[in-house]
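>>> need coordinates for the following:
(one chain, ligands or ions: 1)
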Amino acid sequence: MSSLPAAVEHRDFDYVIVGAGSAGCVLANRLSADSSIAVLLLEAGPDREPFWVRAPAGVGNLFFDERINWKFSTEPEERLAGRRLYWPRGKIIGGTSAINGMVYARGFAADYDHWRDLGNPGWGFTDVLPYFRRSETSDLATDGYRGCDGPLRVSSPRQQHPTTDAFVRAAVDIGVPPNPDIAGATQEGVGYLQHTIGDGIRSSTARAYIAPVRHRPNLTIACGSMAAKVRVKDGRAVGVDYVCDGVLCFGRVRREVIVSAGAIGSPQLLMLSGIGPPEHLDRVGVRPVHALPGVGANLQDHLAISADYEVRDGMSLNHSLSGWRRLMHGAGYLLNQRGPLSVGPSHAVAFVRSDPGVSVPDIQLSFRPLSFAFDSRSKLRIHPFAGVQFVSAMLRPQSRGQIALRSSDPNVPPLIRANYLTAPDDERVMLATLNWIRRIASSRPLADIVVREHLPGLRVHSDEEIMNFVRRNSQTLFHPAGTCSMGTGPMAVVDGRLRVRGVQALRVADASIMPTIASGNINAPTIMIAEKAADMILEDARRS
Ligand SMILES: Cc1cc2nc3c(=O)[nH]c(=O)nc-3n(C[C@H](O)[C@H](O)[C@H](O)COP(=O)(O)OP(=O)(O)OC[C@H]3O[C@@H](n4cnc5c(N)ncnc54)[C@H](O)[C@@H]3O)c2cc1C
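Alright, predicted model coming up:
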C-alpha cells in the first residue's frame, strides 16, 4: 500500500490548484482576484522560461527538452505497427501552453452543444462563447465572437508567405469555402491561422495570466512542487501532499482542491489519491478511497499524418531557417521580435469533411510553408530542399484509450494506451485525410509551385498502401483529452460543475474533463474550461 510520511510543513489556503498549465494559470488568476481568497498554485516544473519558450519558432527546441517536458510515450500501439508514440507535455509554469504550436482554434459550436446534450447544462456553445471571448485579446475582434480585452494575446502573422496564399487559393479552387476567421462564427472552410502570440512573443498562460498578477500577496506559486496525493477525509478533500525540494509539505484547504494537472496528470493524481477503479488501485497498491471507474478511461486524441512536398526554389521558408540565415533572423528577432522566428510553424488551415454525408467537418488540414523532420538524435532538421508540409488530423476519433497507474509512486509515469485506430471508422477518416492533402496539392495555384511529393511519395497509392503508410508514420497532434470526463453516467468523473462525483470540495478543470474531444486544437478550449470553472467555483462559494 502507498504510504507517505507525515508532512513536515503545513499551510492553509482557501484553494489549492494542482498544475500551472493552460487551465491552472487561468484559475490561479481568477480565484486570487479577490484579495481575501488565499490560493496555492502547485507546479512540478520550473518557474523560469528558457529563451525558446518565448520565441515562437523555438517549438522544435522544446519538443525533447527534459528540463521542461514530461516526455511521455504510449504503450506499443497495435494498430500503428506496434509503435510507441511520443507524447511531449509541458512541465513548466504555463504547462503545455508553454511548449505547444500556438495555433488558436476553438472547435465547432456543435462540439459544445453535444457536451450540453450529453447531460451537462451550461456547456452549449452560447454558454461557453463568453468565456472564449473573455480569455483573449485578438486582433480580429470586430464581431460578437472574438474578445478584445482578455489576458491571452491572439494574433495573425504580420505577413503571409506566398505559398500559404497558394494553399488557401488551391483549397478554394476545389470548393472549400474561404473563411476569414476560423475562430469566428464557424470553423468550417479554409483560412489563415491565428496564434497565441503577442508582439512576436508566445502568449503562454504563464505570460498571459500569471505574469500580471504574481505580486498578489494572496497568491502563492510553488514551482518545483510535485503533488503526490489529494487527502480525502470523511468524503471531503482536505488538502494536497506535495514534495518541494525533497521536503514533504501539506497544503490544507478551507474550501476546495482543484486538480488541473492535464489529461495525463489529473487521472494519475486522482488514482494516487485512491479515487478511481478500485480493482485497478488494489492491484498497484493504492488504498481505494472512493470508487470511480471512469478515472483514466475515455482517453481521446487527434491522430495526424504529415505529407511533405518539394516546391520551387524561393517558395518555402526552409532556406531562411537554415545555416547563417537562421542566425541572421535570430539576431533580427532579438532586436525587434519580427521575422520568421516570430511566427508558429503552421500558417493556414482547412476544416473539411471525410465524406459529404458527415454533418460537421471532421478533418483538420494544417499547412506549413516549411518542412522538417526529427533526426535519430531527436534534433529538428529543416529539409535541405525547398519544402512545405501538410499535417492532417482526424477530429472526432471513435477509438478510446486509457491512462492507468504502473505504481503507487507518483514519480513513475503512468501507463498510456491510446488505442489509435481500434474503431474501424477511424481508418476511413485517416484515408480521407491523405486524399484531401493530395487533392489540394494538385490543385492550382499550389500545383504550379509543387515540384514533387517527397513523403509519402507517389508509390504510396492504393488504399492499402496509404493505410500502411498511416500505420507506420502517423503521429499525435498532441491533444490527449477526456480522462476525467464530465457527464452523468457511471463512467462520468465530474459533474457539469466539474465537481468530482462523490467527493466533496474536489474539482477537476483542464482538458481531461472534455466528454468528447473538441474538433480542433484544444489549448483555447482548455482555457475556456478554466475560465468557466473559476466562475462556477466562486458562485458556489457565494452560495454556501
Ligand atoms: C508539442 C505540442 C504542440 C501543441 N500544439 C497546440 C497548438 O498549436 N494549439 C493548441 O490549441 N493546442 C496545442 N497543443 C495542446 C495544448 O497545448 C494542450 O492540450 C493544453 O495545453 C492542455 O492544457 P491542460 O491545462 O489540460 O494541461 P497542461 O497545460 O499540460 O497543464 C498541466 C500542468 O500540471 C503540471 N502537473 C502535472 N502533474 C503534476 C503534479 N503531480 N504535481 C504538480 N504539477 C503537476 C504539469 O507540469 C503542467 O504544467 C499542443 C501540445 C503539444 C505537446
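>>> how about the helices in this structure?
22-31, 51-54, 59-62, 109-117, 125-135, 162-173, 205, 262-272, 278-284, 323-336, 424-441, 446-449, 463-473, 523-543 (DSSP state H).
>>> lowest average pLDDT across these?
Among the helices of the chain, helix 323-336 carries the lowest mean pLDDT, at a mean of 84.
>>> redo the helices of the chain as a markdown table? Include mean neighbour count.
C-beta: built from backbone N, CA, C; applies to glycine. Conversion of the helices of the chain to a markdown table gives the following (neighbours: other C-beta atoms under 10 Å):
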| stretch | mean neighbour count |
| --- | --- |
| helix 22-31 | 30 |
| helix 51-54 | 18 |
| helix 59-62 | 19 |
| helix 109-117 | 19 |
| helix 125-135 | 19 |
| helix 162-173 | 21 |
| helix 205 | 33 |
| helix 262-272 | 28 |
| helix 278-284 | 16 |
| helix 323-336 | 13 |
| helix 424-441 | 20 |
| helix 446-449 | 18 |
| helix 463-473 | 16 |
| helix 523-543 | 21 |
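>>> and these as JSON lines, adding distance to the ligand?
Output for the helices of the chain, formatted as JSON lines (distance: least, C-beta to the nearest ligand atom, whole Å):
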{"stretch": "helix 22-31", "distance to the ligand": "3"}
{"stretch": "helix 51-54", "distance to the ligand": "12"}
{"stretch": "helix 59-62", "distance to the ligand": "7"}
{"stretch": "helix 109-117", "distance to the ligand": "14"}
{"stretch": "helix 125-135", "distance to the ligand": "12"}
{"stretch": "helix 162-173", "distance to the ligand": "16"}
{"stretch": "helix 205", "distance to the ligand": "7"}
{"stretch": "helix 262-272", "distance to the ligand": "3"}
{"stretch": "helix 278-284", "distance to the ligand": "16"}
{"stretch": "helix 323-336", "distance to the ligand": "19"}
{"stretch": "helix 424-441", "distance to the ligand": "18"}
{"stretch": "helix 446-449", "distance to the ligand": "23"}
{"stretch": "helix 463-473", "distance to the ligand": "17"}
{"stretch": "helix 523-543", "distance to the ligand": "3"}
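>>> so residue 188 sits right up against residue 181, yeah?
No - contact between residue 188 and residue 181 fails when scored by C-beta atoms under 8 Å: they sit 11.5 Å apart.
>>> who has more neighbours out of those two?
Neighbour tally, residue 188 and residue 181, criterion other C-beta atoms under 10 Å: the higher count belongs to residue 181, 20 against 17.
>>> now do that one, the pLDDT please.
97.
>>> residue 73: what's it in contact with?
84-87, 416 (C-beta atoms under 8 Å, 6 or more residues apart in numbering).
>>> ok, now with 6 Å
84, 86 (C-beta atoms under 6 Å, 6 or more residues apart in numbering).
>>> per-residue pLDDT, it?
At residue 73, the model reports a pLDDT of 97.
>>> separation between residue 279 and residue 287?
Here residue 279 is placed at a distance of 13 Å from residue 287 (C-beta to C-beta, to the nearest Å).
>>> same question, residue 134
Residue 134 sits 41 Å away from residue 287, going by C-beta to C-beta.
>>> touching, residue 23 and residue 524? I think so.
No - look at residue 23 against residue 524 with C-beta atoms under 6 Å: they stay out of range, at 11.5 Å.
>>> identify the contacts common to the two.
Here residue 23 and residue 524 have no joint contacts, going by C-beta under 6 Å, 6+ apart.
>>> would you map the strands across the stretch 101-250 of the chain?
In the stretch 101-250 of the chain, the strands defined using DSSP state E, counting those that start in this stretch lie at 103-104, 136-138, 152-154, 189-192, 194-195, 197-198, 201-202, 219-223, 225-233, 236-244, 247-259.
>>> looking at these, which is nearest to residue 34?
Nearest to residue 34, of all these, is strand 219-223, at 10.9 Å by C-beta to C-beta.
>>> what lines up beside that closest one in the sheet?
strand 39-43 (parallel) (DSSP bridges).
>>> in the sheet, who's paired with the residue nearest to residue 345 when sequence neighbours are not counted?
Nearest non-adjacent residue to residue 345, counting by C-beta to C-beta, 6 or more residues apart in numbering: residue 368, 5.1 Å away. On the basis of DSSP bridges, residue 368 is bridged to residue 389.
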